[in-house]
Structure formats: C-alpha cells, structure tokens
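Chemist: Turn this into a model:
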Amino acid sequence: MLSNIWHYRGVHNQNSTFRSRLFYLFHRFIKENKNDISPDIAVKIMGSIRDLLLIEVRIPELEDPESDLLAEAVKNSVFDSQLYLYETVATLCSLLFKTPEQQAALLLSFVKPLLDELSVSLQTFAKGEQDLVPIVKAHHAIMALGNIAKGFPEYPSPLPEGYISPPLDVFGQVAQAILVCLEVMNVFKVVRDAVRCCSNC
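Modeler: Reported below is the predicted structural model:
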C-alpha cells in the first residue's frame, strides 16, 4: 500500500506539473534531513528514483523564425526539474562515505549513462550531421554531471584527521569527458555555458 502511494503520489506522480514541483521539494527534504538517513535507506531511495533520470530532448517549433533554436531547445522545464534529482542522488550517495568501494560503484552507475550519452553525442556531431539533438543532449549531460558533483559536500580545507575522500577516480572521468566535449563543441555557446556552470558546482 505504501509503495503504491509513493509511486503515484510521490515523485512518480503521473501529473508532470506536480512531478516537477515534487522533484524540488524532495531535493530540499533530502538535503535538510540527510544526517538522519541511514546508508541502507539512501541506497533504496536512489534505486527508486533511477527511472526518473532519463533525459529526453525535444526540439521546439519556433513562433519567431529569428529566435535561436538551439538556445530555445536547451530551455526545458522538465529537465531543469530533473537536475534537482541528480543533485539528490549525489547527496544520498555521499552518505556512503564509510564504504568507499560501494560508494564509488553506486556513483558510477549513475554517472556512466551520462558519460555514454556524452560520447554518443560527440560521435554523432563529429560525423557532421546537421542535427541539434546531440548538441542539446551534450548540454543536458554536462549539466546533470555538474549537479551530481554539486550534491557532494565541498572538499574541506584543511583536511580533518581520518577524512575519507569521495570517489575522486569517478569525478576524474567526469572532468575528462567534459573537457573533451568542450574541445569538440566549443563553438556552441550553450555547451560553453553548461561547462562554465558545471565548473562552478
């Protein structure tokens, strides 16, 4: 019964308008109560929202032909709401700091689909196809990866005794992929803006 309520009235609400608002509220709830969430519960929550992280790209039809189609295409309220979930996933994942191997594997399971999306977008773009979709997908993947980084606590300075580092290898892969994407797609302002936003996380 409770699982059904969670599925239909929680973040899986079938009303897209409610669902987008709930993503933000859910993010705030987890952020403010993370110290009361056990690692086991954190893992279960992450698993329950994994299906909500699929990125969909829609190229809009412009009413004004002089508008920048690419700039309008990256403006997506549904995706903007999803960014809260990516940050939430990272916040929950950060709670597994006492089990670094499990934390790294779980983080990679969320990061890898985004890295794969980035790779496919780059390959498609490199073929010279005149299609905005891979550019928008690259933008969205970079933004999502940036919000994942944002969900982890800031690196303390100085380091306290016994400090356990986050999965730096995973974040290294993310940084490298984003740099490659920037090198290939730096002619597009939306990509440069996404990388800039990501670097500020």
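Chemist: Enumerate every residue touching the spatially most central residue of the chain.
Modeler: With distances taken as Cα atoms, centre = their mean, A144 lies nearest the centre of the chain, 2.5 Å away. By Cβ atoms under 8 Å, 6 or more residues apart in numbering, A144 lies in contact with 53, 55, 82-83, 86, 114. C-beta: built from backbone N, CA, C; applies to glycine.
Chemist: Of the residues you listed - the most surrounded one?
Modeler: Y86 (27 neighbours; other Cβ atoms under 10 Å).
Chemist: which non-adjacent residue is nearest that one?
Modeler: N147 (4.2 Å; Cβ to Cβ, 6 or more residues apart in numbering).
Chemist: any chance you could map the helices in the chain?
Modeler: 2-9, 16-33, 39-49, 69-73, 77-94, 100-126, 133-151, 168-185, 189-199 (DSSP state H).
Chemist: Name the stretch among those that sits most buried.
Modeler: Sort those by mean neighbour count, taking mean count of other Cβ atoms under 10 Å, and helix 133-151 sits at the top with a mean of 23.
Chemist: where does the chain have low pLDDT?
Modeler: Filtered on pLDDT under 70, the chain yields the residue ranges 1-9, 129, 201.
Chemist: 90 - rerun?
Modeler: Counting by pLDDT under 90, the ranges of the chain that qualify are 1-21, 56, 58-69, 71-73, 75-78, 125-131, 154-164, 197-201.
Chemist: Tell me how far the residue nearest to R58 when sequence neighbours are not counted lies from D131.
Modeler: In space, and not counting its chain neighbours, R58 is closest to N76: 7.2 Å by Cβ to Cβ, 6+ apart. Relative to D131, N76 is positioned 17 Å away (Cβ to Cβ, to the nearest Å).
Chemist: re the thing from before, could you dump the contacts of A144 to TSV with distance to N200?
Modeler: Shown next, in TSV, are these (distance: Cβ to Cβ, whole Å):
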residue	distance to N200
L53	22
I55	21
Q82	19
L83	14
Y86	15
L114	18
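Chemist: Can you tell me which of these is nearest L108?
Modeler: L114 (10.6 Å; Cβ to Cβ).
Chemist: isn't the closest one right up against A141?
Modeler: Yes: L114 lies in contact with A141 (Cβ atoms under 8 Å); the separation is 4.6 Å.
Chemist: The closest residue to F171 other than its chain neighbours and L69, how far apart?
Modeler: Spatial nearest neighbour of F171, chain neighbours left out: A149 (6.5 Å); criterion: Cβ to Cβ, 6+ apart. For A149, the distance to L69 (Cβ to Cβ) stands at 29 Å.
Chemist: Done for today, thanks.
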